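Trainee: got a predicted structure here, sequence first:
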Amino acid sequence: MRRILLFLIITTSVYSAHAQEEKTVDLDEVKVEAARIVNRPDGQLIIPSKAQMEGSTNGFSLLNKLGLPSIRVDAATHTITALGNQGTVQLRINGTIATREEILALDPKSLKNIEFIDNPGVRYGEDIAYVLNLRTQHADDGYILGTDMVNTLTTRRGANAVFAKVNHKNSEFGVSYDFGYHDFRGTRHNERSHYLLTDNTLKTIIRDDISDRERDFENTLEMKYTLADSASYIFQATLSGSSKLRPGDFKEQEMNDGMGRFSTFQQLNDKNLTPCLDLYFFRQTNRRQSITANFTGTHIATSQHNLRNEGGDYQYHVDGKTWSLMTEVIYECRFKPFTVSFGLNYIRKYTRNEYAGDVESRNSMHNSNLYLFTEIKGRWHKLSYVAGFGATKFDNSQGTHQYIRHFFRPKITLAYAFSNVWKLRYTAETSGKMSQIAMVSDTRIRKNSMEWAVGNPDIRPTRRTDTSLRLSFDKPRINSTTEFFFRHNAHPNMACYERTEDNQFLYYQTNQGSIDMFYLQSNTRRDLIPEKWIVSGYAGIYRYFNRGDAYRHYLTAYNMGGSMEAYLGRWTLTANIDNGWKFMEGETWNKQGAGLWFTATCHIGNCDLSIYWQNPLRAHPKINETGLISRYLQREVILRGSDYGNMLSINLSWKLSKGRKYREINKKPQYKDTQTGIMD
């Protein structure tokens, strides 16, 4: 551990000793001339190189080449996750929250830069760890047609999209369709559970998968109209509809409880339909002032059927409906030394889930969240600052259970430039966090012959405090940061496991003591040969503290990884590796499997052909490992998947455009609801 600590501390100074001096220019942010990374109080402004843009087929492909710290970009599955259980990654295009289809349809060559916000302000919402805002140029006239197809050769998985955009003067019409599928049959869970019975004897149950099938089909259709004059206004209307079908996932297990061996069976049928309407308006009233308004309505209809036979036949059906309305209004005024913004965000949601069969329950919940905020940001000499203050009101009603909670959300960021290459940044923030809707229901569901999941309508929102200190070093060919981060969750929702007199083990959540996390992390990126060969690496030490009413659990974890990109004419080669991140929350720890993947992309005319090779030379890689260390119940589960071993995927991207002339645009937030509130 001492060696790793020493490595983290000296990483920045070692690289800085070898970096060459460059001529610099002072702008609103401290910027190094010709540098592709500009440090800001809330993150970084990244300017992709020409080679990176030409070697990318879509937005995911480009983000994968940037080597972003603490983020895993899977260009084959089109997913982006934050490592370390820190929160979610919010994707935006020109300030508007973007869907996966929009990131796929993005033309990398139209990019101006990327805002990597690793310190999101109060305006971005709750539980957002990172924001990636891809800033593009808008086409005046012309059209673009294209397709992006990713299909795996070694198993049944694919994501295929087609899209079209037509521009005429200030108007743009766009339509996209995405079809995704996967049908995995090689996933295997190996579980060892130890139950402490009321007579103080220990009962061990082994559950091993014999056969397993996971399959789903997703369809998304989106139509968009944009009316934009980049100098004064933007109006955008988006109508989308998506459906997801799981026609019959099943799992057959061999169960050994010490008394004999049994065969058990689980089956899940699920389908949902989600239409969404989004209206967005931005108006630049004068050179300094602007106003943004966003209205989003979403409906989710879900039908789900579950069957389990461990401990006897047990099946239930869920008919779920949710309706939500999200509204946001932001006013911004830019003065010479600073910028001030004011805004409000209001969410109103109604959830109705009806359970029938062996689970008889009806959940009707009304939730609302009103958030008011103001923020000021600017610079004084070498000191940059962002100060924000917000107030949140949570309102939840479910039958006789009702609560109203208020939270204040102050946030401050101070960044000081000691020189043109060394910067220090301090951030402190307090916020409120709302519980997952599924866990606040009063529904009780049997998981197996010994365990039950129980909702708790008395769960309350909790308070979270984050503090970080970051030292960074930046030059045109090198960027390095070392950061200390601490998070304190006061009275969060923490796991409880109870044992009844007849040896039933109940899992539920209650507001308990605290969950704390801190980490020390270093990230370095170096252009060994500009525009030709780039390497990056990161390493971090994580420490978790879980203090419940009846338990104390601690965990130390290490996360490290790196990437390398080579640009060879028409070819782009990329390699990524990391050891998998590990975290602990409540009484459960989770360890992601180590990752290794290679990408080769060839640009031919209007086409880009990419080959992804994941988990090379590994037939049955470990995908995930979890553990439970409760007083009454301890468990270890290892998940392996032959579908993920030696996974070889091909990505074909084709775009045809005509008459595309670009100009800059600037758009703001867009929202979409995804929570169904169904317990499973």
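Mentor: Everything's here; your move.
Trainee: so residue 63 belongs to a helix, correct?
Mentor: Yes. Under DSSP: H, G, I helix; E, B strand; the rest coil, residue 63 sits within a helix.
Trainee: what sits against it?
Mentor: Applying CB atoms under 8 Å, 6 or more residues apart in numbering to residue 63 gives the contacts 73, 75, 80, 114, 132. Using the backbone N, CA and C atoms, a C-beta is placed for each residue, glycine as well.
Trainee: residues near the third one, how many?
Mentor: When neighbours are counted by other CB atoms under 10 Å, residue 80 registers 23.
Trainee: hang on, isn't it packed against residue 89?
Mentor: Yes. In terms of CB atoms under 8 Å, residue 80 counts as a neighbour of residue 89; the distance is 4.8 Å.
Trainee: between the two, which contacts overlap?
Mentor: Counting by CB under 8 Å, 6+ apart, the shared contacts of residue 80 and residue 89 are 71, 132.
Trainee: next one: phi and psi at residue 420?
Mentor: Dihedral pair for residue 420: phi -70, psi -10, per degrees, to the nearest 10.
Trainee: mind checking the SS state of residue 300?
Mentor: When classified by three-state DSSP, residue 300 comes out as strand.
Trainee: and it, bridged to which residues?
Mentor: residue 322 (DSSP bridges).
Trainee: same question for the one 4 residues further on.
Mentor: With DSSP bridges as the criterion, the beta-bridge partners of residue 304 are residue 270, residue 318.
Trainee: what's the burial count for it?
Mentor: Neighbour number of residue 304 under other CB under 10 Å is 20.
Trainee: that one reaches residue 315, doesn't it?
Mentor: No. The criterion here is CB under 8 Å, and residue 304 misses it with residue 315 at 11.2 Å.
Trainee: hang on, residue 168 packs against residue 141?
Mentor: Yes. The criterion here is CB under 8 Å, and residue 168 meets it with residue 141 at 6.1 Å.
Trainee: mind listing what the residue lying closest to residue 355 once chain neighbours are set aside touches?
Mentor: Excluding its sequence neighbours, the residue lying closest to residue 355 (CB to CB, 6 or more residues apart in numbering) is residue 361, at 4.3 Å. When contacts are counted by CB under 8 Å, 6+ apart, residue 361 is found next to 353, 354, 355, 441, 442, 443, 444.
Trainee: now the lengthiest strand in the chain: buried residues?
Mentor: Determined from DSSP state E, the single longest strand within the chain is strand 202-229. Judged by neighbour count (16 or more other CB atoms under 10 Å), strand 202-229 contains these buried residues: 205, 207, 209, 212, 214-216, 218, 220-222, 224, 226, 228.
Trainee: name the nearest of these relative to residue 384.
Mentor: Nearest to residue 384 among those, counting by CB to CB, is residue 228 at 30.6 Å.
Trainee: any of the contacts of residue 361 buried? List them.
Mentor: Here, 16+ other CB under 10 Å leaves 353, 355, 441, 442, 443, 444 buried among these.
Trainee: inside strands: which ones of those?
Mentor: Per DSSP E, these map to strands at 353, 355, 444.
Trainee: would you turn those into a markdown table with pLDDT and distance to residue 196?
Mentor: A markdown table is the format used below for those (pLDDT from 0 to 100; distance: CB to CB, whole Å):
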| residue | pLDDT | distance to residue 196 |
| --- | --- | --- |
| 353 | 91 | 33 |
| 355 | 93 | 30 |
| 444 | 91 | 22 |
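Trainee: of those residues, closest to residue 386?
Mentor: residue 353 (40.2 Å).
Trainee: my guess is the closest one meets residue 442, correct?
Mentor: No. Between residue 353 and residue 442 there is no contact under CB under 8 Å: 11.0 Å.
Trainee: shared neighbours of these two, anything?
Mentor: 361, 363.
Trainee: between all of the contacts of residue 361, which two are separated the most?
Mentor: Longest span within the contacts of residue 361, CB to CB: 354 and 444, 14.9 Å.
Trainee: list of residues touching stretch 336-349?
Mentor: 123, 125, 322-333, 365-380, 673.
Trainee: again, only using 6 Å
Mentor: By CB atoms under 6 Å, 6 or more residues apart in numbering, the residues outside stretch 336-349 that reach it are 324-333, 367-378.
Trainee: columns distance to residue 422 on top of the contacts of residue 361, output as TSV?
Mentor: TSV is the format used below for the contacts of residue 361 (distance: CB to CB, whole Å):
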residue	distance to residue 422
353	54
354	60
355	59
441	52
442	55
443	55
444	57
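Trainee: and of these, the nearest to residue 429?
Mentor: Nearest to residue 429 among the contacts of residue 361, with distances taken as CB to CB, is residue 441, at 30.1 Å.
Trainee: can you pull the contacts of that closest one?
Mentor: 363, 455.
Trainee: kindly state the pLDDT recorded for it?
Mentor: Per-residue pLDDT puts residue 441 at 77.
Trainee: I'm done for today, thanks for sticking with me.
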